[in-house]
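Have a look; sequence and predicted model below, questions after that.
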Amino acid sequence: LVFLIFYLSSIFFFKILIERFNNFFVSFFGTLLYIFSPRIYGDSFHNNKDIIFLSFVVFSIFFAFKIFKKFKIKNILLFSLFAAIATSTRVIGLFLPISLIIFLYLEKLNDKSKSNIKYIMIILITYFLFLFIHWPYLWENPFLHFIEYIIKSKDWIFSHYILFNGEYLLTTSLPDSFIFTWIGISSPILNLILFFHGFFYISKRLFLRFILVNKEKNYNSDFWRSIGEMKDNYIFFNLVSIISILIFLNVSLVSGWRHLYFLNIFLIYFASFSIKILSTIFKKYKIRLVLTLLILFIPNIYKLIILHPFQSLYLNEILNNENKNNFLIDREGLTRLDSVYKILALEADKKKINIANASFIPYYRIKDALVEKDKKRVNFVGTDYVKADYIYDNFVYEVDPKYNKKYKIPSNFKRVYQLELNGIKMYKIYKRK
């Protein structure tokens, strides 16, 4: 179901691009970048929180752009519905109605003939109505519970240490570079280059418009000259605002930028904008440009293949193999099932296998994913190494193993297997001697 919703969101994303750029290749290639970003693609098969949120943000933005073009009750209702579902999934979904209202207000300031106030009121009413209807948490005391949800959401991630750039840091005291670093090392290099080019172009255009804003009003001083430019500014405003707020509030993050995967929408939008600019600059060499981009896209697909089924743990080539392992990789324990299957294969004839866990990740939860006969064969003993026949280690610790021996492997165990993909150490298996 998660992948189905994500796939549907890719269709809406394609429509967002085709309506903005009116260019099939730009829209098609942008959609490929959206779908086949390795971490996003990998999570689309199992992450029923962040990928669902990403998808509903796409649906919401699609109808927000429809509202920019023409006010229709159908578009307002659908925007409000999807924005409400996004908000109940992740509190940061509040940016959807807020940013839309801000841009509709700015449009009214820019064009006095437009009366957007009544539409803003309709958006607010329908948004909160849908939020109330589909979210039982609000039924008893809507206003109080909604405010409580916003206030408490920042503290839902408890404080513990995680590995970041070779150091163990508290999740509540991460450096401001955390978000930028994770996006930079876990997004395909092609995506990043195209993003920076597109982002720079739009930033430059906005700056030039801004320095003219106090001069006599004319065509050259408007913040946007068309619906298309209004869309670009909307994407720019949301990306910059969201990251700024996250840094300012020092929001706790654990699994890289997993909670921020919805930002991929903005990254790929700017990347698509870059492709549009390039197609204009090199309009005499369009076929060469298309072939060049397709060739540069091949490494994305190659990484998807060699990392299968662990695309969610992708890191790009900005890091060498040694530095890739200086970051927390398998925070969600995606390698657990693979490790159990490997142990079962190593002990094909053994009826009962005791498996311990040298990791912060709860290993026993993977038992529900096993077939009945395998469930009967394995017994998870936590960190009780005395009872264990095997120990699983996926390098995820809430303590620094240099100074804390909580997860030290006993000397009477030997390593019998290690999975390493693309330079990333996924997990190790140890067997009692």
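Great, that's in hand.

Assumed R331 was part of a helix.
No - assessed with DSSP: H, G, I helix; E, B strand; the rest coil, R331 is coil; it does not lie in a helix.

Provide a list of residues in contact with it.
Listed by Cβ atoms under 8 Å, 6 or more residues apart in numbering, the contact set of R331 reads 162, 254-256, 258, 361, 396. Yep, even glycine has a C-beta here, placed from its N, CA and C like the rest.

could the residues you listed go into JSON lines alongside secondary structure and pLDDT?
Converted to JSON lines, these look like this (DSSP: H, G, I helix; E, B strand; the rest coil; pLDDT from 0 to 100):
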{"residue": "I162", "secondary structure": "strand", "pLDDT": "88"}
{"residue": "V254", "secondary structure": "coil", "pLDDT": "70"}
{"residue": "S255", "secondary structure": "coil", "pLDDT": "69"}
{"residue": "G256", "secondary structure": "coil", "pLDDT": "78"}
{"residue": "R258", "secondary structure": "helix", "pLDDT": "85"}
{"residue": "I361", "secondary structure": "coil", "pLDDT": "85"}
{"residue": "V396", "secondary structure": "coil", "pLDDT": "90"}
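
Buried ones from those, can you make that a ChimeraX selection?
What follows is the ChimeraX syntax selecting those of the contacts of R331 that are buried according to 16 or more other Cβ atoms under 10 Å:
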select :162,255,256,258,361,396
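
Out of the contacts of R331, which is nearest to I235?
R258 (21.4 Å; Cβ to Cβ).

show me what contacts that closest one?
39, 43, 47, 50, 331-332.

Mind doing that once more with 7 Å?
Taking Cβ atoms under 7 Å, 6 or more residues apart in numbering, we find R258 in contact with D50.

ok, now how distant is it from R39?
Using Cβ to Cβ, to the nearest Å, we find R258 at a distance of 8 Å from R39.

quick revisit: in a markdown table, list the contacts of R331 along with distance to F95.
Output for the contacts of R331, formatted as a markdown table (distance: Cβ to Cβ, whole Å):
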| residue | distance to F95 |
| --- | --- |
| I162 | 26 |
| V254 | 21 |
| S255 | 21 |
| G256 | 21 |
| R258 | 18 |
| I361 | 31 |
| V396 | 31 |
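
so how many other residues sit close to L54?
Neighbours of L54 under the rule other Cβ atoms under 10 Å: 27.

Look up the closest residue to it, ignoring the ones flanking it.
F262 (4.3 Å; Cβ to Cβ, 6 or more residues apart in numbering).

wouldn't the one you found be in contact with I51 here?
No - in this structure F262 lies outside contact range of I51 using Cβ atoms under 7 Å: 9.0 Å.

Could you check which of those two has the larger neighbour count?
Higher neighbour count among F262 and I51: F262, with 27 against 24, using other Cβ under 10 Å.

need the contact list for the more buried one.
Going by Cβ under 7 Å, 6+ apart, the list of residues near F262 reads 53-54, 57.

Let's see that with 8 Å instead.
By Cβ under 8 Å, 6+ apart, the residues touching F262 are 50, 53-54, 57, 90, 92.

and what of I102?
Counted by Cβ under 8 Å, 6+ apart, I102 has contacts F237.

Doesn't it belong to a helix?
Yes - checked against three-state DSSP, I102 lies within a helix.

Does the nearest residue to R90 once chain neighbours are set aside lie in a helix or a strand, and which?
Using Cβ to Cβ, 6+ apart and skipping the chain neighbours, the partner closest in space to R90 is F53 (4.6 Å). Using DSSP states H and E, F53 sits within helix 50-69.

elements contacting that helix?
helix 2-21, helix 38-43, helix 73-89, helix 95-110, helix 227-249, helix 264-281 (3 or more Cβ pairs under 8 Å, 6 or more residues apart in numbering; DSSP states H and E).

wait, isn't N321 in contact with L421?
No - distance between N321 and L421: 10.7 Å, which falls outside the contact criterion (Cβ atoms under 8 Å).

more crowded one of those two?
L421 (16 against 13).

Bridge partners for that one, pull those for me.
L421 has these beta-bridge partners by DSSP bridges: I424.

Relative to R258, how far out is it?
19 Å.

Thought S312 was touching E332, still the case?
Yes - applying Cβ under 8 Å as the test, E332 and S312 come out as touching, 7.4 Å apart.

The two: who's more crowded?
S312 (25 against 18).

The residue most central in space within the chain and L81, how far apart?
The residue lying closest to the centre of the chain (Cα atoms, centre = their mean) is Y261, at 0.9 Å. Using Cβ to Cβ, Y261 is found at 22 Å from L81.

How is the residue nearest to F236 when sequence neighbours are not counted classified with respect to secondary structure?
Leaving aside its chain neighbours, F236 sits nearest to I202 (5.4 Å; criterion: Cβ to Cβ, 6+ apart). Three-state assignment for I202 (three-state DSSP): helix.

how many other residues sit next to H308?
Look at H308: counted by other Cβ under 10 Å, it has 10 neighbours.

Revised request: answer the last question for E322.
Using other Cβ under 10 Å: E322 sits among 9 other residues.
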